[in-house]
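J.: return atomic coordinates for the entry below.
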Amino acid sequence: MEESKLKKALTPIGLWAIAVGAVISGMYYGWNYIFASTNFLGAVIALVIATLFYVTFMFLYAELATMTPSSAGPAAYAERAFGRGTGFFAGFCYLVESLFATPGICISVGAYVHNMFPAVPAVIAAVGIYIIFLLINCAGIEAAAKVGVIVTAIGVAGVLLFSAIGFPSVKASNIANMGDLGGIKGIFLAIPYAVWFYLAIEACGMGAEETRNPSKDIPKAYISSVFTLLVCAVLMLVVMAGALPKAEIIGTDAPMAIVITKLFGADSAWNIIFIIIALFGLCASLHGIIIGQSRQAYCLARCKCLPSYLAKLDKNGTPINSLITTSVIGMIFVLIGSVDAIVVISGLGSALMAVFCVISWFKLRKSEPNAKRPYTCKVITGIICAIFCAIVTISTIYSSLTQGILFYIAIGFFALAIVYYFLVCNKRKGSFIVESADDD
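T.: Numbers count the residues shown, from 1 in each chain. Reported below is the predicted structural model:
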């Protein structure tokens, strides 16, 4: 069968690289708008809320991913719990998340490249880097995994190095002079940017069918990934808040470059080194999310919910048409989007996807209590996750309302998806649930 041709090549380190890699760019850009509506205390509260959600969500998601190891990810879990229609919409939410996330990353790459080489237009650099990683992924999952480990390791090392060098320049006055908390509204508006520290970590689950031993490797990867990102997030929040005045933090798409330039000067070797490191971090996320979005599109097509040409695999077992198509769409968004709006719209897709996963977890615990679960999280973990998932989702929707036309475009996507399913997909047979036996 077509789905059996996906090549099993991923190990725990490869999955860790996809999960952390998909997110690590969130340390380098995007999150800095967290201070636009609140002060440092509000940002910390927002980060705590986002962290409590994602830490518990990863335990819950690991159970779902090992119970139903399909590259369709949320679509498969939601279908198993509520049926194919719910599965389609859950998968579509992930597509919205990833298709908005990749252009945000590329726009920031363009900003960093333009900072280092002013003669290079930012938009040219953004589209160029997208094309490069599209070609890398076209070479197959083994090559993609090797590149992913390298760029992710450099991205994490960059955060640690930046924190070590920037910490001595942290000034309490910068943190103290960030204005008012902004009340509940200020914190609510900050939460979607705190989520950016973790957004897209679930990309790891999209490689379930390409993992050698999903029941053991996926939990290892998820748990280690979320704690890696937690350490990086805390370091970046503290160092950035203390190193720059608030106005400078929220006035750039390349915050790390601004700090390093201020510390060492625009012509220093450190400035060039950190821009290059930042580019690796950004590229790690681009790489990881390209893998996730292409596998999701492939699974939607395999389930006969998208055109069948997207389900085509090449000789390397790579969903080549899905790779190219989703990447072209991402490049179009690069040309028309702005980073702060993209962060929120991508977060909207992520929040809705998470809601489907959480309610699917509760439903499956009730409807299939004796089902095989290679990894099981505690009920209290699911309850805590549900509470903070609700908070994150409400704040994300609230923040999305402030984005004007892009919010309504996103809502239009979801509305069209519902209409499309009932007019087209509902007449076709197919399933997102594909058994992926562990290797011995």
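
J.: burial measure for the closest residue to G347 other than its chain neighbours, as a count.
T.: Distances taken as C-beta to C-beta, 6 or more residues apart in numbering put P192 closest to G347, at 4.4 Å, once the chain neighbours are dropped. To be clear about C-beta, it is placed using only N, CA and C from the backbone, and glycine gets the same treatment. By other C-beta atoms under 10 Å, the residues close to P192 number 31.

J.: before we move on, what about the one 4 residues further on?
T.: Other residues lying near W196 total 27 when counted by other C-beta under 10 Å.

J.: my read: it touches G26, true?
T.: Yes: with contact defined as C-beta atoms under 8 Å, W196 counts as touching G26 (4.4 Å).

J.: coming back round to it: what strand or helix carries the residue nearest to G347?
T.: P192 belongs to helix 183-195 when assigned by DSSP states H and E.

J.: now that helix, how far from the chain's geometric center?
T.: The chain centroid and the centroid of helix 183-195 are separated by 18 Å under C-alpha atoms, centre = their mean, to the nearest Å.

J.: buried set for that helix?
T.: For helix 183-195, the neighbour count (16 or more other C-beta atoms under 10 Å) marks G186, I187, F188, L189, A190, I191, P192, Y193, A194, V195 as buried.

J.: wait, is A119 part of a helix?
T.: No: counting by DSSP: H, G, I helix; E, B strand; the rest coil, A119 falls outside a helix, being coil.

J.: returning to that earlier point: among the buried residues of helix 183-195, which one sits closest to P255?
T.: Y193 (11.9 Å; C-beta to C-beta).

J.: what residues are up against that closest one?
T.: Y193 sits next to G30, W31, N32, Y33, I34, A36, A46, V343 when contact means C-beta atoms under 8 Å, 6 or more residues apart in numbering.

J.: low-confidence stretches in the protein?
T.: 1-6, 253, 337-344, 406, 434-440 (pLDDT under 70).

J.: what do you get if the cut-off is 50, keeping everything else the same?
T.: The model of the chain has pLDDT under 50 over residues 1-4, 436-440.

J.: next one: the residue nearest to the spatial centre of it from V109, what distance?
T.: Geometric centre of the chain, nearest residue: A200, 1.7 Å, by C-alpha atoms, centre = their mean. Distance of A200 to V109, computed by C-beta to C-beta, to the nearest Å: 16 Å.

J.: quick one on the thing from earlier: ok, so of the buried residues of helix 183-195, who is nearest A254?
T.: Looking across the buried residues of helix 183-195 and measuring by C-beta to C-beta, the closest to A254 is Y193, at 15.7 Å.

J.: where's the closest residue to the closest one other than its chain neighbours relative to V44, distance?
T.: Among residues not flanking Y193 along the chain, I34 sits closest, at 3.8 Å (C-beta to C-beta, 6+ apart). For I34, the distance to V44 (C-beta to C-beta) stands at 10 Å.

J.: same question, G265
T.: Using C-beta to C-beta, G265 is found at 31 Å from V44.

J.: more neighbours, these two?
T.: The neighbour count for G265 versus V44, taken as other C-beta under 10 Å, is higher for V44 (19 against 11).

J.: ok, now which ones touch the more buried one?
T.: Applying C-beta under 8 Å, 6+ apart, we find V44 in contact with L237.

J.: i'd like the first residue to be 456 from this point on
T.: I'll keep to 456 as the first residue from here, and by that count the last item is V499.

J.: now do the buried residues in the helix or strand hosting it.
T.: For V499, the host element (DSSP H and E) is helix 495-522. Buried residues in helix 495-522, counted by 16+ other C-beta under 10 Å: 495, 497-502, 504-522.

J.: okay, the helix holding P647 in PDB with CA atoms only?
T.: What follows is helix 638-650, C-alpha atoms only, in PDB (Å, rounded to 0.1, in the frame of the first residue of the first chain):
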ATOM      1  CA  GLY A 638      -4.100  44.100  33.700                       C
ATOM      2  CA  ILE A 639      -5.600  40.800  32.500                       C
ATOM      3  CA  LYS A 640      -6.000  42.200  29.000                       C
ATOM      4  CA  GLY A 641      -2.200  42.900  28.800                       C
ATOM      5  CA  ILE A 642      -1.400  39.400  29.900                       C
ATOM      6  CA  PHE A 643      -4.000  37.800  27.600                       C
ATOM      7  CA  LEU A 644      -2.400  39.700  24.600                       C
ATOM      8  CA  ALA A 645       1.000  38.500  25.700                       C
ATOM      9  CA  ILE A 646       0.200  34.800  25.900                       C
ATOM     10  CA  PRO A 647       0.200  34.100  22.100                       C
ATOM     11  CA  TYR A 648       3.800  35.400  22.000                       C
ATOM     12  CA  ALA A 649       4.800  33.300  24.900                       C
ATOM     13  CA  VAL A 650       3.300  30.300  23.100                       C
END
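
J.: which helices and strands does the helix or strand following it pack with?
T.: Moving toward the C-terminus from helix 638-650, the next helix or strand (DSSP H and E) is helix 669-698. For helix 669-698, the packing partners by 3 or more C-beta pairs under 8 Å, 6 or more residues apart in numbering; DSSP states H and E come out as helix 467-479, helix 495-522, helix 596-621, helix 627-631, helix 710-719.

J.: identify the contacts common to I489 and V499.
T.: Joint contacts of I489 and V499 (C-beta under 8 Å, 6+ apart) are L692.

J.: quick check, nearest of the contacts of Y648 to R539?
T.: So of the contacts of Y648, ranked by how close each gets to R539 (C-beta to C-beta), first place is V798, at 31.1 Å.

J.: give me the distance between the closest residue to P710 other than its chain neighbours and A574.
T.: Residue nearest to P710 in three dimensions, not counting chain neighbours: N487, with 4.5 Å by C-beta to C-beta, 6+ apart. Separation of N487 from A574 (C-beta to C-beta): 26 Å.

J.: the two: who's more crowded?
T.: Neighbour count, other C-beta under 10 Å: between N487 and A574, N487 has more, with 29 against 5.

J.: give the contact list for that one.
T.: Y648, M695, I704, I705, T707, P710.

J.: got a list of what the second one touches?
T.: Spelled out, it's M695. By C-beta under 8 Å, 6+ apart, the neighbours of M695 are N487, G621, I704, P710, M711, V714.
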